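J.: Can you look at this prediction? I've put the sequence above it.
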Amino acid sequence: MLTALGRGTFRELPFEKECGEDNICRDHLRVRLDIVGAQFIVVGSYSTLTLEVTLLNADENSYFTVVTYRVPTGLTFRKTSIISSKRRAHIECDDSKNSKYAAVGIVTCDVNHPIFRSNSTIRFNTTFDVASDVEWKSSEEISINATSDNDQRNTMGSFVARRIGVKYEVNVIIKGIESTQYINFSTGNAGEKPVQHVYRVENIGLQSLPVNVTFAIPVKIGPGMSWEQVIVNTSEGNEQDRVLTPESGQTVDWHRLMPSNNSQVCNISTCQVFVYQLQQLKHRSSMVFSLTGLVKWTKPDQVRAQELSLTSYAAVIYNTDKYIHVSQATNQFQQSMVTTSVEIVEEFNSLPIIVGSSIGGLVLLALAAGILYKVGFFNRSYKDKLLEDAGDDGPGGVPAEQLAPDTATA
């Protein structure tokens, strides 16, 4: 065994192996390989892959134990850390011998040098950076092998290989933008009105990919009311892109198309489905889709005033075996909906008010005339008496006989 004595000085120290009565060192190294987190390699910005290794020595002491990883060239060793160990342990890993152009990367980890003792177990994590600028297969193989310098080794369980799927990280979102917010109809008149629902699909990630933009549109809104002649238009596209309308009975993944709490609103008989196939949605790009149609109102006399909702649903759907969204825990940004409020208002009829007002005015006029008649307003003698009473008063309403003496004195 070599040990450092001061800077740049090494000396060989005697080292004795404990190999039992037969003086033959037999170890039995067994390894287990697990993936921490997502059970696949995610290719994206700042992606990592962490492997958990459990190493057990089920026989005599193991000397100069080494665990060797063989990984695809797109994985670069970052760090290793011990999770648990029955005894004090240390581990050192090295990938300096790898060539930049090698098809397979090799990482060697020295475990508890010089002695990994009998019946010892150690668990440790090894983390790799995932390169986004290399060509990946749909799945890659990762293997680990435990070896030592012992004279005899039981190799059963000392080698493990796993094939791991590869998925590309994407960030495609869909949201509703400026659309028709409100329309109304009257209970007395049939009619039709245009409605437009607009969605924007954005690829804000670094990965281009083919996607299907799927729309579900309610055919029937309420009794006598439907959304018809709906057309899907887009701001961009190429000749290879196309719109499909699933035939009746065709399977539609309603769970991916709309939130779970609305999954009973639409089915193949109540909603019309459009699938816009994009051969390639480029990274850092966006597209606008508009759904335009006519809401027709055909039974005005059979429905009372009420408020209805016209809701369309949209989702971006892609191959989940190859791509994974950055927000793995939710579909919130991959689904959207737009709602138009539809109000049926009671038609206002002013004729009863006009007739009622006219009759009321006539009744009041008749009552006034009756009261005047009762007090004798229309009697001629009553009028004359009023005029005589007015003529007996002098200026200022003073009787004439009171003014006569003053006039004589003068």
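T.: Right, received. Where do you want to start?

J.: Pull the number of nearby residues for Glu228.
T.: Glu228 has 11 neighbouring residues, counting by other C-beta atoms under 10 Å. All C-beta spots, glycine's among them, are computed from the backbone N, C-alpha and C.

J.: so what pLDDT did the residue nearest to Lys299 when sequence neighbours are not counted get?
T.: The shortest distance from Lys299 to any residue other than its chain neighbours is 2.9 Å, reached at Gly224 (C-beta to C-beta, 6 or more residues apart in numbering). Taken from the predicted model, the pLDDT recorded for Gly224 is 82.

J.: now Ile83
T.: According to the model, Ile83 carries a pLDDT of 95.

J.: which residue ranges form the helices in this structure?
T.: Listed from the start of the chain, the chain has helices (DSSP state H) covering 254-257, 351-374, 380-391, 400-409.

J.: tally of neighbours for the residue nearest to Lys299?
T.: In terms of burial, Gly224 registers 17 neighbours under the definition other C-beta under 10 Å.

J.: and if you look at the one 3 residues further on?
T.: With neighbours defined by other C-beta under 10 Å, the count for Trp227 comes to 22.

J.: Repeat that for Phe116.
T.: A count of nearby residues for Phe116, using other C-beta under 10 Å, gives 26.

J.: pretty sure the residue nearest to Lys299 is in contact with Leu308, am I right?
T.: No: between Gly224 and Leu308 there is no contact, the gap being 11.0 Å when judged by C-beta atoms under 8 Å.

J.: check contacts around Leu206.
T.: Contact criterion C-beta atoms under 8 Å, 6 or more residues apart in numbering gives 44-45, 132, 283 as the residues in contact with Leu206.

J.: Among those residues, name the buried ones.
T.: Burial by neighbour count, judged by 16 or more other C-beta atoms under 10 Å, picks out 44, 132 from the contacts of Leu206.

J.: Tell me the one among the contacts of Leu206 nearest to Val338.
T.: Within the set of the contacts of Leu206, His283 lies nearest Val338; the separation is 25.8 Å, counting by C-beta to C-beta.

J.: Next, the closest one: phi, psi?
T.: When quoted as degrees, to the nearest 10, the phi and psi of His283 stand at phi -70, psi 150.

J.: got the contact list for it?
T.: Taking C-beta under 8 Å, 6+ apart as the criterion, His283 is in contact with 203, 205-208.

J.: Bridge partners for Phe159, pull those for me.
T.: In this structure, Phe159 has beta-bridge partners Asn145, where bridges are defined by DSSP bridges.

J.: try Leu209
T.: The bridge-partner assignment for Leu209, based on DSSP bridges, gives Leu281.

J.: any idea how far Ser309 is from Asn125?
T.: As judged by C-beta to C-beta, to the nearest Å, Ser309 and Asn125 stand 51 Å apart.

J.: An error on my part: the question was meant for Ile217.
T.: Using C-beta to C-beta, one gets 50 Å for the distance from Ile217 to Asn125.

J.: The two: who's more crowded?
T.: With neighbours defined as other C-beta under 10 Å, Ile217 and Asn125 compare such that Ile217 has more, 20 against 15.

J.: wait, that one sits on Ser312?
T.: Yes: between Ile217 and Ser312 a contact is recorded at 5.1 Å, counting by C-beta under 8 Å.

J.: can you list residues touching both of these two?
T.: When contacts are counted by C-beta under 8 Å, 6+ apart, the set common to Ile217 and Ser312 consists of Leu291.

J.: Mean pLDDT lowest where, among the helices of the chain?
T.: The stretch with the lowest mean pLDDT among the helices of the chain is helix 400-409, at a mean of 50.

J.: where are the low-confidence patches of the stretch 1-150 of the chain?
T.: Confidence mapping of the stretch 1-150 of the chain against pLDDT under 70 gives the ranges 1-15, 20, 100-101.

J.: which residues of it fall in strands?
T.: Here the stretch 1-150 of the chain has its strands, by DSSP state E, counting those that start in this stretch, at 2-4, 10-12, 26-36, 40-43, 48-57, 62-72, 75-85, 91-94, 104-116, 121-130, 139-147.

J.: which residues touch the closest residue to Gly165 other than its chain neighbours?
T.: If you skip the residues right next to it in sequence, Gly165 has Phe40 as its closest partner in space, 4.1 Å away by C-beta to C-beta, 6+ apart. The contact partners of Phe40, by C-beta under 8 Å, 6+ apart, come to 164-167, 324.

J.: and the two most separated of those residues?
T.: The two members of the contacts of Phe40 with the most space between them (C-beta to C-beta) are Ile164 and Ile324, at 13.5 Å.

J.: From the contacts of Phe40, list just the buried residues.
T.: Buried among those (16+ other C-beta under 10 Å): 164, 166-167, 324.

J.: Contact partners for the closest residue to Val31 other than its chain neighbours?
T.: Distances taken as C-beta to C-beta, 6+ apart put Ala146 closest to Val31, at 4.9 Å, once the chain neighbours are dropped. With contacts defined as C-beta under 8 Å, 6+ apart, Ala146 is in contact with 29-31, 55, 65-68, 158-159.

J.: Closest one of those residues to Ile82?
T.: Closest to Ile82, out of all of the contacts of Ala146 and judged by C-beta to C-beta, is Leu55, at 10.7 Å.

J.: burial measure for that closest one, as a count.
T.: The criterion is other C-beta under 10 Å. On that basis, Leu55 has 26 neighbouring residues.

J.: for the one 4 residues further on, same thing?
T.: Taking other C-beta under 10 Å as the neighbour definition, Asp59 ends up with a count of 19.

J.: ditto for the one 10 residues further on
T.: Neighbour count of Tyr69, defined by other C-beta under 10 Å: 24.

J.: list the contacts for Gln196?
T.: Neighbours of Gln196 in contact, by C-beta under 8 Å, 6+ apart: 179-180, 290-292.

J.: Which of these has the largest number of neighbours?
T.: The most crowded member of these is Leu291, carrying 22 neighbours; neighbours defined as other C-beta under 10 Å.

J.: thought Val66 was touching Ser148?
T.: Yes: under the criterion of C-beta under 8 Å, Val66 makes contact with Ser148 at 7.0 Å.

J.: and the gap between Val211 and Tyr313?
T.: 16 Å.

J.: Show me the beta-bridge partners of Gln196.
T.: On DSSP bridges, the residues paired with Gln196 through beta bridges are Thr292.
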